[in-house]
Every structure is written in structure tokens, then in C-alpha cells.
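Visitor: can you look at this prediction? I've put the sequence above it.
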Amino acid sequence: MRRKKRTPGERIAHAQTISLFAKKSLEQSREALDYDTAMRNYADIVADVTKTGTLGEKVDVAIALQHQDLRKALDKDRPEYIQQANEALANFDAALHIFDKLTADPAWYREYAAGFLPKNRRHGLPYDEFLQALASQNSREGGRDTSIHSMPGEEALYDARRILIADLMRHYGTVQESVLAGGEPPEGSERTKRKE
């Protein structure tokens with residue numbers, strides 16, 4: 001029997017449900033098999049969004065993963081990881097206004113980008129706050145403590161996250177190019193959970 005193909009919104013909702021399931025499973029029973037399966041499923045969803053999702057969906061999933069990091073650090077009750085997760089989330093949240101402006105108000109973004117000196121550009125594109133936050137997240141993913149990821153499901157999720165962040169940086173660059181060339185962002189570039 002073939003599974004029904006989920007819409008992007010359903011995939012994000014499903015990913016959040018699985019994340020909650022994984023947390024409840026870990027808190028209630030600590031059964032390694034259930035938790036590992038949930039992490040593998042979550043990794044599959046992240047990989048699916050990376051391949052087929054819009055820019056907005058990829059950003060939403062990246063934010064959900066940041067929140068998951070904080071919950072995981074709180075569950076393990078390790079102050080150094082709690083501080084790192086808080087800083088990463090704050091850094092990412094602070095840069096989201098630039099992403100929202102790029103996708104919602106291209107004229108504003110073109111004016112903003114005109115103020116970037118050549119030394120503050122990468123491949124001719126402005127190295128704005130959002131790209132800096134993504135680069136910071138990418139380096140954190142590369143230097144993540146593997147002692148936290150002890151199960152195969154967690155390792156699969158870790159790999160899927162690295163691929164998502166790298167693809168998100170590439171996708172964001174193509175939208176920047178489009179907007180700076182005078183065009184509009186592609187359909188689906190805005191975040192679905194954008195705060196007004």
C-alpha cells in the first residue's frame with residue numbers, strides 16, 4: 001500500500017509531533033528502541049524537507065531543530081549545553097528579521113544590501129545577519145560534541161541537520177541573487193510561522 005504524499009505544512013506538523021513523541025518517549029519510558037526510531041523518522045523528515053521544501057519551510061525546520069536542542073540540553077541538565085543552545089537560538093532569532101524583510105519587502109532589502117562594502121560580501125552577495133547566523137550554526141553542526149549523539153538515530157538526525165543548514169545557505173543565496181537582480185522572491189519563500 002502506498003503512503004499518501006504529505007503537503008509541506010503537514011510534514012512540518014508531523015516533524016513537530018514526532019519531536020514531542022520523542023521527548024515524551026524519553027521522559028516516560030526511556031525505551032531506547034522507541035526513541036531511536038523516532039529520531040530516525042525525524043531525520044527522514046528533515047532530509048525530505050531539505051530535498052523538496054521551500055525556503056520558508058527549511059527555515060521553519062531549522063528553528064524547530066534549535067528548539068529541540070534547547071529541550072535536549074534541559075533534559076540532560078548540563079549547564080554548558082544549555083548556555084550554548086540558548087545562545088544559538090537567540091542568535092538565530094535575532095537574525096530572522098533580515099530573512100523576513102528579504103522575503104516580504106524586496107525593495108527594502110535592495111536598499112539595505114546597497115550599504116554593504118565589498119569586504120562585507122561573499123561571492124558578491126551581502127553577508128547579512130541571517131547568513132552570519134547560518135554560518136555560525138553550520139560551524140556548530142560541524143563541531144558538535146558526538147558524545148551527546150550516542151544512538152544511530154541521533155547520528156542520522158545530526159547528519160540530516162548538517163545537510164539542511166548547508167542547503168539553506170545555498171538556497172538563501174539564490175533568493176538574494178533574485179531579489180538583488182530586481183526580481184521577487186520565489187513562491188513559498190516566507191516562513192509559515194512568521195511573527196507579525
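Guide: That came through fine. Residues are numbered from 1 along each chain as shown.

Visitor: which residues does Lys101 contact?
Guide: By C-beta atoms under 8 Å, 6 or more residues apart in numbering, Lys101 lies in contact with Trp108, Tyr109, Tyr112. Every C-beta, even on glycine, is put in place using the N, C-alpha and C of the backbone.

Visitor: buried residues in the longest helix belonging to the chain, which are they?
Guide: The helix that spans the most residues within the chain, counting by DSSP state H, is helix 152-180. The neighbour-count check on helix 152-180 (16 or more other C-beta atoms under 10 Å) flags 153-158, 160-162, 164-165, 167-169, 171-173, 175-176, 178-180 as buried.

Visitor: check which helix or strand the residue nearest to the spatial centre of the chain maps to.
Guide: What sits nearest the mean C-alpha location of the chain, by C-alpha atoms, centre = their mean, is Ala62, with 1.3 Å. Following DSSP states H and E, one finds Ala62 within helix 55-76.

Visitor: burial check on the closest residue to Leu55 other than its chain neighbours, number of neighbours?
Guide: Distances taken as C-beta to C-beta, 6 or more residues apart in numbering place Ser189 nearest to Leu55, at 4.6 Å, with adjacent residues excluded. By other C-beta atoms under 10 Å, 22 other residues sit near Ser189.

Visitor: just list the residues touching Ser189, thanks.
Guide: Thr54, Leu55, Gly56, Leu102, Thr103, Val175.

Visitor: next: Phe116.
Guide: Pro126, Tyr127, Asp128 are the contacts of Phe116 under C-beta under 8 Å, 6+ apart.

Visitor: picking up where we left off before, the helix holding Ala62 vs helix 152-180, what angle?
Guide: Here helix 55-76 points in a direction 140 degrees away from that of helix 152-180 (axes from the mean of the first three to the mean of the last three C-alpha atoms, to 10 degrees).

Visitor: Ala89 reaches Leu70, doesn't it?
Guide: Careful, residue 89 is Leu; it's not Ala. Yes - the pair Leu89 and Leu70 passes the contact test of C-beta atoms under 8 Å, sitting 5.9 Å apart.
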